[in-house]
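Asks: Need a 3D model of the following:
(chains A, B and C, ligands or ions: 2)
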Amino acid sequence: MSKDRRPAFIAFDRGLADIAGAALVVMMVMTAISSFGRFFFSMPVPDVEAIAEMLLVGVVFLPLAYTQAKREHVVVTLFTDHMRAGIRARLIWFGVVVGIAGFAILLYALSKGALRAYESGDAYLGVNQIVTWPARTLAVVGTAALIVRLALDLTVSRTRAAELEKDGSAEIENTS
Amino acid sequence: MDGTLLALIAGLAVLVLLAVRVPIAFGLLAVGIAGLFAIGAMRLGGFNVDFGWRSTVSMLARDPYSFVASFTLMAIPMFLLMGNFAFYSGATSDAYRTARVWLANLPGGLALASIAACGLFAAISGSSLATAAAMGRIAVPEMLRYGYDQRLAAGAVAAGGTLGALIPPSILMVIFGIFAEQSIGRLLIGGIVPGILTAVTYMLLVTARVKLNPRLAPGFDERFTWSQKVRSLGGTWQIMLIFLVIITVIYTGVVTPTEAAAVGAVAVLALGVIRRRIGLTSMWEAVRETVVQTAMIFAIAIASKVLVSFVAFTGVSNDLAEWAGGIEGGRIMVLAGICAGYVLLGMFMDPIGIMLLTLPVVVPIVDAIGYDLVWFGIVLVKLLEVGMITPPVGLNVFVLKAAIGNSVSLENVFRGIGPFLLMDVVTLAIMIALPELVLWLPDMMYN
Amino acid sequence: QDFTIRYASPSAASDPTQAATIWFMDEVTKRTDGKVKFEQFLGNSLVKDQDIVSAIGDGLIEMGKIYTVSYPGQMPIWNMTNLPFTSPSPYVAINVINDLMDQYPVFDEELAKMNVMALGVITTGGTGIVSKKPIKTVEDLKGLKVRARGVQAAAFDAAGAAPVSIPWNDVYEALSKGVVDASTNYVITTRPIRHNEVSDYYIAAGLGQAVQLELINRDFWEALPEDIKTVMAETMAEAEMRHAEESSKLATAEQKAMADATGAEHMEYSVLPAEERQKWIEMSPDFFAEWAEENKGIADTAAIAKSYRELEQKYTEEGQKAGLVEMW
Ligand code: NA
Ligand code: NA
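Replies: Ligands and ions are numbered 1, 2, ... in the order given. All right, here's what the predicted structure looks like:
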């Protein structure tokens, strides 16, 4: 696979996905430890519910861009498979535009929410009153990265976009 | 403008966007946002753009975050991770090799085994999404490996996943019990017979289809010797051990079903490492795959949550429920109307969202016309599960699609589900015609 | 001019703490000849518990109910009302809190920051314990796994129990399989949320109350005509007292219903003996003093805490005369 077919800046998206992966592993280990600690020693990890919830936000939002880079977002191709490549490429372009529009508004709102949470001291009900703004910031970062990725996708020529789409993810980026 | 009309327009917009291959998450989100904006703008009379924008931002600033930050939803990435670890450690291919040897004489034996496995898995997971997430990665690639028809393989597991909410534990049953003030114990036990019935009808369907068209599931006429059979048994011990671990930690009170997902992932990983089937590289590969799958699934789930918020504002679910309640021609017609309404809502919305919005209206109606509410709760969960696999928005299908990647197209998964949906109609008809059958087990255990 | 008020609440219609406000909404519509109507979104069906305040503040909805415990960060002053070991009577708590609001503007200021106003106060009644094991003494709490949150978790911790944090919807399963031995709950909600099926004992422990506020958007409120404001305020005050009376009756009825039920639904109701409760209080940190110390930068919290105890005394005596106060 030639290197130039890789989407630009994929390393950044992959880095975010890897952070999400680390959060996932922490979530798994922490939950298991807490469960057994609770059962055998009556000693659960304090605030495990709040921490797991915040980790999940990272696991969900941070890999959004990488998922887009790998063309893994689920699409219905049934009605467009028979169309000419040119039309298909336009539709792909349109889909990216729709994605940018929706997620840009979401990004704006999520940022406002994170800012408000920071200012008001929004916190989890728990032993340590963990504040929510860091997790909300993860959601902002993940969504922003997705928009950047989508914007980069718009710069790819339409025919290339169709090609990439057709090739599928595995060929865009081999395990690296 | 009338809320119902607005909802109708939104439904059409979703269909159009998806048809022109806008990614599902993008399409749902855009329509949901546009809908929230429109209904906000019309809130104060006229069309107040400023208020529409402010209320949309207010909703989006909080709701998607709160939706994702949920301990219960953690089960989805955890079971995906468990499935990926199992895949990379080869535990599942070993088990399917054994299944193939033993079930070679059964038409569609591996699909039957997969449906049965979904049923067993349902006993350790509280939701059908979690069941589909784990089983998708475990079962579908194996069936494809043995040359099973894509649609059959994916359809069987997507449909089989719906057993997750019928067979206890079940989050949906608990929520229904609280909202309708019915015994949760009876509801949970009551899900068992319909769960088994569902599995049996699915299995009959697979058998019949493969008999008619053996190409759907090749190799069922292979012959294996007894010594081959006995030797193959070695392949199942890992899966059995893992299952035993999870079921033990749940039923001895070590973990809740949500936490069991994490323990399951740890157990599969540990086994793989001990047997030297998983190294650091393949472990990370599985982790990375899991986060990508999780992001895909949640992108859709978040977008559909935004759409549901909009639908809540339109009041269409209420209108639909009230319409059903007002149908004349006897209580069975009312019930039929209610069922139709739930199927319709299920096409676009998630089960919990539907329940929260409709139960305040529907439960009094059903109660007034004299149906048993435990029975109705079980029928309702079955109906909502049907919604999980109907197009255009079928979360179970998207989860499965995410878990299996590009090997099967979304259209093929939905097409594969079609025949199973017919079986669901049969199951529902039996459940409605024979309430005694549904209530037999809970009545026996609680009286 | 007509008004449609969107109302959101985390509680389902089946939750007895919701009944008074449902009555309020019907009554306001009646008393205003239909000029004020309500659209109800109960049971988290539109906005989640911890999001309701900003949804009201932003004007997305006009009214809603919150559990103040869900806002430890934004409502430090209000969270005093949730501290453990206060009077278990809604009559006492509702009156005390209304008086405190009159005396100390800081309560209103805390809400004003988020552009909301408290139209009413509803409380749950004393927090008790649903348990699979009998709890007769504080000693029995040692090592007990209890689903509890926030400052109540700290109280259990002080008694040597293990507070466990799991989602509310998972508590049924957790009790059923023994993941937890016990959970906090209230006598009036135990049967409605079916914890009676999976636990055998209800112990009235007087662990404080969960204070709910009926909030309304400030701008919306100020723009309402005076006559409507008056109707709403008066009806809400009536609703509060209805809740105090009804929940007191309901508590007695529920105690009996738990005891009378057979099979899995049966529960043994008991009150933690006063001397055991006193022991527990002594084992625990002085929660009021801690709260006053932590928040002294915001207001004269020491004075507020003192007033709370004085008012509590006053209304307990009044309530006893009215037959509305007992241990439950
Ligand atoms: Na289940
Ligand atoms: Na659907």
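
Asks: so where is the chain shaky, pLDDT-wise?
Replies: You didn't pick a chain, so chain A it is. A:1-6, A:157-176 (pLDDT under 70).

Asks: wrong one, I was asking about chain B
Replies: B:1, B:220-221.

Asks: what's the single longest helix in it?
Replies: helix B:280-314 (DSSP state H).

Asks: Relative to the whole chain's centre, how far out is that one?
Replies: Centroid separation between helix B:280-314 and its chain, computed with CA atoms, centre = their mean, to the nearest Å, is 14 Å.

Asks: same thing with stretch C:50-70?
Replies: 16 Å.

Asks: Tell me which residue of chain C lies closest to ligand 2.
Replies: For chain C, the residue closest to ligand 2 is residue C:45, as judged by CB to the ion, at 19.0 Å. In short, each C-beta sits where N, CA and C put it, glycine included.

Asks: Quick one: neighbours of that residue, just the number.
Replies: 26 (other CB atoms under 10 Å in any protein chain shown).

Asks: Over to it: give its phi and psi.
Replies: The phi/psi pair for residue C:45 (degrees, to the nearest 10) reads phi -80, psi -20.

Asks: go on, residue C:145?
Replies: Dihedral angles (degrees, to the nearest 10) for residue C:145: phi -90, psi 110.

Asks: again with the one 5 residues further on
Replies: Backbone dihedrals for residue C:150, given as degrees, to the nearest 10, come out at phi 60, psi -130.

Asks: Just give the closest residue to it, not the sequence neighbours.
Replies: Of all residues not flanking residue C:150 in the chain, residue A:125 sits nearest, at 4.8 Å (CB to CB, 6 or more residues apart in numbering or on different chains).

Asks: how near is the closest residue to residue B:186 other than its chain neighbours to residue B:70?
Replies: Spatially, and ignoring its direct neighbours in sequence, residue B:186 is nearest to residue B:442 (4.0 Å; CB to CB, 6+ apart). Residue B:442 is 29 Å from residue B:70, where distance means CB to CB, to the nearest Å.

Asks: okay, these two: which has more neighbours?
Replies: Remark: of residue B:442 and residue B:70, residue B:442 carries more neighbours, 22 against 19, as counted by other CB under 10 Å.

Asks: Which element, helix or strand, includes the more buried one?
Replies: helix B:435-446 (DSSP states H and E).

Asks: Give me the contacts around that helix.
Replies: Helix B:435-446 has contacts (CB atoms under 8 Å, 6 or more residues apart in numbering or on different chains) with B:183, B:185-187, B:189-190, B:192-194, B:371-372, B:374-375, B:378-379, B:430-431, C:263-264.

Asks: Tell me the residue of chain B that sits nearest chain C?
Replies: residue B:253 (3.1 Å; CB to the nearest CB).

Asks: The chain: strands as residue ranges?
Replies: Defaulting to chain A. Assigned strands in chain A: none (criterion: DSSP state E).

Asks: Please refer instead to chain C.
Replies: Going by DSSP E, chain C shows strands at C:3-8, C:36-41, C:63-67, C:116-123, C:127-131, C:145-147, C:162-164, C:182-186, C:201-204, C:211-217, C:268-271.

Asks: burial of the residue lying closest to residue A:18 once chain neighbours are set aside, as a residue count?
Replies: Ranked by CB to CB, 6+ apart and with sequence neighbours excluded, the top spatial neighbour of residue A:18 is residue B:288, at 7.0 Å. Counted with other CB under 10 Å, residues neighbouring residue B:288 total 20.

Asks: cool, and the one 10 residues further on?
Replies: Residue B:298 is surrounded by 27 other residues when neighbours are defined as other CB under 10 Å.

Asks: For it, give its distance to chain A.
Replies: Residue B:298 is 4 Å from chain A, where distance means CB to the nearest CB, to the nearest Å.

Asks: cool, residue C:164 as well?
Replies: 5 Å.

Asks: I'd guessed that residue sits against residue C:149; true?
Replies: No - counting by CB atoms under 8 Å, residue C:164 does not reach residue C:149; the two are 9.5 Å apart.

Asks: Show me which residues of the stretch 51-200 of chain C sit near chain A.
Replies: Within the stretch 51-200 of chain C, the positions near chain A by CB under 8 Å from any CB of the partner chain are C:54, C:69-74, C:113-114, C:143-145, C:149-150, C:153-154, C:157, C:161-167, C:179.

Asks: Enumerate the residues of chain A near chain C.
Replies: Residues of chain A found near chain C (CB under 8 Å from any CB) are A:38-39, A:42-44, A:46-50, A:116, A:120-127, A:129, A:131-132.

Asks: How far does the helix holding residue B:442 sit from its chain's centre?
Replies: With CA atoms, centre = their mean, you get 25 Å for helix B:435-446.

Asks: CA atoms of that helix as CSV?
Replies: C-alpha atoms of helix B:435-446 as CSV (Å, rounded to 0.1, in the frame of the first residue of the first chain):
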residue,chain,number,x,y,z
PRO,B,435,-51.4,-14.8,27.9
GLU,B,436,-51.4,-17.9,30.2
LEU,B,437,-48.3,-19.2,28.4
VAL,B,438,-46.5,-15.9,29.2
LEU,B,439,-47.7,-15.8,32.8
TRP,B,440,-47.4,-19.4,33.5
LEU,B,441,-43.8,-19.3,34.9
PRO,B,442,-44.2,-16.1,37.0
ASP,B,443,-47.5,-17.4,38.3
MET,B,444,-46.0,-20.6,39.3
MET,B,445,-43.0,-19.0,41.0
TYR,B,446,-44.8,-16.2,42.8
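
Asks: buried residues in that helix?
Replies: B:435, B:438-439, B:441-442, B:446 (16 or more other CB atoms under 10 Å in any protein chain shown).

Asks: what do you get for stretch B:109-129?
Replies: In stretch B:109-129, counting by 16+ other CB under 10 Å, buried: B:109-119, B:121-129.

Asks: Repeat that for stretch B:236-244.
Replies: Those would be B:236, B:238-239, B:242-243, for stretch B:236-244 by 16+ other CB under 10 Å.

Asks: Could you single out the nearest of the residues you listed to residue B:173?
Replies: residue B:243 (22.3 Å; CB to CB).

Asks: Does that closest one touch residue B:123 like I think?
Replies: No - in this structure, residue B:243 is not within contact of residue B:123 by CB under 8 Å, at 9.3 Å.
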